[in-house]
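Asker: Okay, sequence plus prediction incoming.
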Amino acid sequence: MRVRSLPLPERFVDHFADRGIRELYPPQVAAVEAGVCDGANVVAAVPTASGKTFIAQSALLTADGPGLYVCPLRALAREKYEAFAALPGVDVAISTGDFEATGEELAGHDVVVATSEKVDSAIRNGAEWVDDLACVVVDEVHLLGAERRGPTLEVTLATLRRRNPSIQIVALSATVDNPEEIADWLDATLVESEWRPVDLRTGVCVDGEVAFDDDTTRHVEAGDSDAESGADGRDAAEDGPDATDLAAALVVDAVAEGGQCLAFVRSRTEAAALAERLAGEGLADRMGIGSAATTVADDVADIDETVTGRDLADCLRAGVAFHHAGLRAGHRAAVEAAFRDRAVACICATPTLAAGVNVPARRVVVRDQKRYTGSSMEWLPTLEVHQMCGRAGRPGLDPYGEAILVGEASTREELVDRYVEGDPEAVESKLADPASLRTHVLSAVASGFAETEAEILDVLDGTFYARETGAGGLADAVAVAVDDLVDAGMVRRRGDVETYRLVATPVGETTSRQYVRPETGARIVAGLRTAAGMANATTLTVFEVICDTPDMQDTYLGNRERAEMYRFARSKAAQLTTGMSEPDDFEGWLESVKTARVLDEWIGGATVEELVEAYRLGPGDLDSRVERAEWLLSAAEALADTVGVSVPAVTRARSRI
DNA sequence: GACTTGTTGCTTTAGACAGCATGTC
DNA sequence: CTAAAGCAACAAGTC
């Protein structure tokens, strides 16, 4: 099937032709046959890089009205925004938390690209443009199964469909075990395909021998990093190369043939450690990318003066990089761009890269397949490993992609069963989680969609969860959520016991509008009241309050810091809203104090370099705390306003941050 | 006695979405 | 519920 045969205006056909897209890939043909261009609902469960963006574009460009593209990540939103902006004569807008696009400005565009939370928030705040939509594309729908964000996605979709029953839904999913259930939920035709534009071989490497699933094999020579001693040979020779030696050898092997590599490891430290080790292998020279590598390294070195930045720049000079959430957005973007431009031979990464922006490589090496979860070491979900592996193979550039899991003789079989031949997990709704339910119940009441529990259930009736059990399955949980919200002062029952209506209190309304969770709203209100009664409420006081909410990301408190942090908390007790003996979860509270302290020093003029050094967090971690603090402070200000409490320190903190 | 190597025990462990209305000396 | 790597402090061994 040819692009030209689609019901697309000529200028789009030309645009795609300029990019060499004239013929459709098989999954795209299937999607067209299922009716993406005719307003039909379609769920496409297809591998990464098999042309999902084109499916989305065909749906949105042929829809009879404005369209919405829902993304899980801001970085992805930007990527898609650019893809649409490149189309001739298409008016695109982007709306994510970090992008200034305000309310009604979003009306009147052909396509809006937004994160799911942003759409949810827009609906709560009464945005009317969502009612005019003719088509919604949902990228990565399998995130329906994600702990906190999944419920947001399903409630948002249910609401959109409820308010506009004729809306076309096109959902794009990774390969999962139950795509038919998602399709059934959305009344959509399922398009399922394993087809990829570049072949993918998956293999397991044990002791330097790689056995691929197409029965080919490959041998790599692993240089033992710590076996320098050699001579009398009795002891060190025994255990051979470890996983890191093998991973390094696999990278060098691929680069020697001119192929770029991604190597996935378990932790940030290990990502940096592997990169530094590979920096000694002369990858830049082997790939002949010396000058490009130097340019990138210099650019990265200019971003800041942190150790992380310097280490990264040093690695880049040698043609290697590491990538994880401790890096600042600028660092990450530079690494990703450099890799796409072939200025970097290998990126050593944590799972950030698996689900992020498009960075295809010739070979993907998965060194670690287990992760510490807080109580034990657990196998990574198959879906996640598949997403890592799926990054192998650059369309049009590589003859094939290779994904290699590094294992040991004892785990070989398990790895093959689980990841090479195994199916990914099924997607399951997490809406029954009480915390999520509270949030969405409050939202339904506050935005006026529901005034009774029956109406709440009605709103939830269109969710993925309800498809499984019927909304009735949520009745008890909703009743509990309503009780909790009443107790928390977010919702009030108005009228007789028999015929009451649910109304959001002013606090509940502000909480929902500010997009913070009910627990956060309640904690902030309580904190503000305490602060208002204090003789010397400072910015530290305010930071302690907002850091002690579930919407602030917690900051790791190391063993060595604990005693000192305890002394700090005690010496500042007069400025804190929580007494030293009060918290049920003292550890958690002390972590909040640490975050508050960092933020307070930040507005006091401390530099990123100093804070990163003193508190053992990555520059990216600091940035993300500051970003959240901005958001939570504005919520605090709005809440102070609604309860009529005056805490000048809130405004002071906010203007300084 | 200075330096190297080996041992032991302790510490640490991925990621990332969201608001908003406006002024100031 | 099934951990494992890095690192610092200290001990033993070497020149």
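Answerer: Yes, it's here.
Asker: Up against DNA strand B, what does the stretch 501-650 of chain A have?
Answerer: A:513-515, A:551, A:553, A:556, A:558-561, A:624, A:628, A:630-631, A:633-635, A:637-638 (CB under 7 Å from any atom of the strand). No exception for glycine: its C-beta is placed from N, CA and C like everyone else's.
Asker: Just the ones of those residues in helices?
Answerer: Those of those mapping onto helices are A:513, A:559-561, A:624, A:628, A:630-631, A:633-635, A:637-638, per DSSP state H.
Asker: how much space between the residue of chain A found nearest DNA strand C and DNA strand B?
Answerer: Chain A approaches DNA strand C most closely through A:M377 (3.1 Å), counting by CB to the nearest atom of the strand. Remark: distance between A:M377 and DNA strand B (CB to the nearest atom of the strand, to the nearest Å) = 8 Å.
Asker: same check, this time on A:V482
Answerer: Taking CB to the nearest atom of the strand as the measure, A:V482 falls 23 Å from DNA strand B.
Asker: Domain-wise, how is chain A divided?
Answerer: According to automatic domain parsing, chain A comprises the domains A:3-192, A:199-231+A:239-420, A:434-513, A:518-656.
Asker: lowest-confidence stretch among these?
Answerer: Within those, the stretch with the lowest mean pLDDT is domain A:199-231+A:239-420, showing a mean of 89.
Asker: Compute the first-to-last residue distance for that one.
Answerer: End-to-end distance for domain A:199-231+A:239-420: 14 Å, by CA to CA, to the nearest Å.
Asker: Sort out which residues of stretch A:627-636 are buried, please.
Answerer: Within stretch A:627-636, the residues scored as buried using 16 or more other CB atoms under 10 Å are A:628-629, A:631-633, A:635-636.
Asker: again but with stretch A:307-321, I slipped
Answerer: A:308-309, A:312-321.
Asker: thinking again about what came up before, could you dump the buried residues of stretch A:627-636 into CSV and include distance to A:P88?
Answerer: Listed next are those as CSV, based on distance: CB to CB, whole Å:
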residue, distance to A:P88
A:R628, 39
A:A629, 42
A:W631, 37
A:L632, 42
A:L633, 42
A:A635, 41
A:A636, 45
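Asker: What segments of the stretch 151-300 of chain A are helices?
Answerer: A:179-185, A:243-256, A:268-279, A:283-287, A:290-303 (DSSP state H, counting those that start in this stretch).
Asker: what ranges do the strands span in the stretch 101-250 of chain A?
Answerer: Counting by DSSP state E, counting those that start in this stretch, one finds strands in the stretch 101-250 of chain A at the ranges A:111-115, A:135-138, A:168-173, A:189-192, A:199-206, A:209-212, A:217-219.
Asker: what's the closest of those to A:A354?
Answerer: strand A:199-206 (14.7 Å; CB to CB).
Asker: Partner strands of that closest one, with direction?
Answerer: In the sheet, strand A:199-206 lines up against strand A:209-212 (antiparallel), strand A:400-406 (parallel) (DSSP bridges).
Asker: Output the domains of chain A as TSV; include the columns distance to A:A426.
Answerer: Shown next, in TSV, are the domains of chain A (distance: least, CB to CB, whole Å):
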stretch	distance to A:A426
domain A:3-192	4
domain A:199-231+A:239-420	10
domain A:434-513	11
domain A:518-656	28
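Asker: so which of those comes closest to A:V427?
Answerer: domain A:3-192 (4.2 Å).
Asker: How far does the closest one sit from its chain's centre?
Answerer: Relative to its parent chain, domain A:3-192 has a centroid offset of 18 Å by CA atoms, centre = their mean, to the nearest Å.
Asker: Start and end of that domain, how far apart?
Answerer: Across domain A:3-192, first to last residue, CA to CA, it's 20 Å.
Asker: What residues does the stretch 201-350 of chain A have near DNA strand C?
Answerer: Residues of the stretch 201-350 of chain A lying close to DNA strand C (CB under 7 Å from any atom of the strand) are A:242-244, A:269-270, A:273.
Asker: ok, now with 6 Å
Answerer: By the rule CB under 6 Å from any atom of the strand, the part of the stretch 201-350 of chain A lying against DNA strand C is A:243, A:269-270, A:273.
Asker: Going by neighbour count, which of those comes out on top?
Answerer: Highest neighbour count within those, by other CB atoms under 10 Å: A:E270, with 19 neighbours.
Asker: Now for it: which residues touch it?
Answerer: Contacts here follow CB atoms under 8 Å, 6 or more residues apart in numbering; on that basis A:E270 touches A:348, A:368.
Asker: OK, now which residue of the stretch 51-200 of chain A is nearest to DNA strand B?
Answerer: A:G97 (2.3 Å).
Asker: Then that residue would be within a strand, right?
Answerer: No: applying DSSP: H, G, I helix; E, B strand; the rest coil, one finds A:G97 to be coil, outside a strand.
Asker: Any idea which of the helices of the stretch 151-300 of chain A gets closest to DNA strand B?
Answerer: Across the helices of the stretch 151-300 of chain A, DNA strand B has its closest neighbour in helix A:268-279 (4.0 Å, CB to the nearest atom of the strand).
Asker: Could I have the CA atoms of the closest one written out in PDB?
Answerer: Output of helix A:268-279 as PDB, limited to C-alpha atoms (Å, rounded to 0.1, in the frame of the first residue of the first chain):
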ATOM      1  CA  ARG A 268      23.600   5.100  38.300                       C
ATOM      2  CA  THR A 269      27.000   4.400  39.800                       C
ATOM      3  CA  GLU A 270      27.400   1.400  37.700                       C
ATOM      4  CA  ALA A 271      26.400   3.200  34.500                       C
ATOM      5  CA  ALA A 272      29.100   5.800  35.200                       C
ATOM      6  CA  ALA A 273      31.600   3.100  36.200                       C
ATOM      7  CA  LEU A 274      31.100   1.100  33.000                       C
ATOM      8  CA  ALA A 275      31.400   4.200  30.900                       C
ATOM      9  CA  GLU A 276      34.600   5.200  32.600                       C
ATOM     10  CA  ARG A 277      36.000   1.700  32.000                       C
ATOM     11  CA  LEU A 278      35.000   1.900  28.300                       C
ATOM     12  CA  ALA A 279      36.700   5.300  28.100                       C
END
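Asker: ok, and for that helix, which residues are buried?
Answerer: Quick answer for helix A:268-279 (16+ other CB under 10 Å): A:268, A:270-272, A:274-279.
Asker: same question, stretch A:148-157
Answerer: Buried residues in stretch A:148-157, defined by neighbour count with 16+ other CB under 10 Å: A:149-157.
Asker: need these in a markdown table with distance to A:V3, can you?
Answerer: Compiled in a markdown table, the buried residues of stretch A:148-157 are given as follows (distance: CB to CB, whole Å):
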| residue | distance to A:V3 |
| --- | --- |
| A:R149 | 34 |
| A:G150 | 34 |
| A:P151 | 38 |
| A:T152 | 35 |
| A:L153 | 31 |
| A:E154 | 33 |
| A:V155 | 36 |
| A:T156 | 32 |
| A:L157 | 29 |
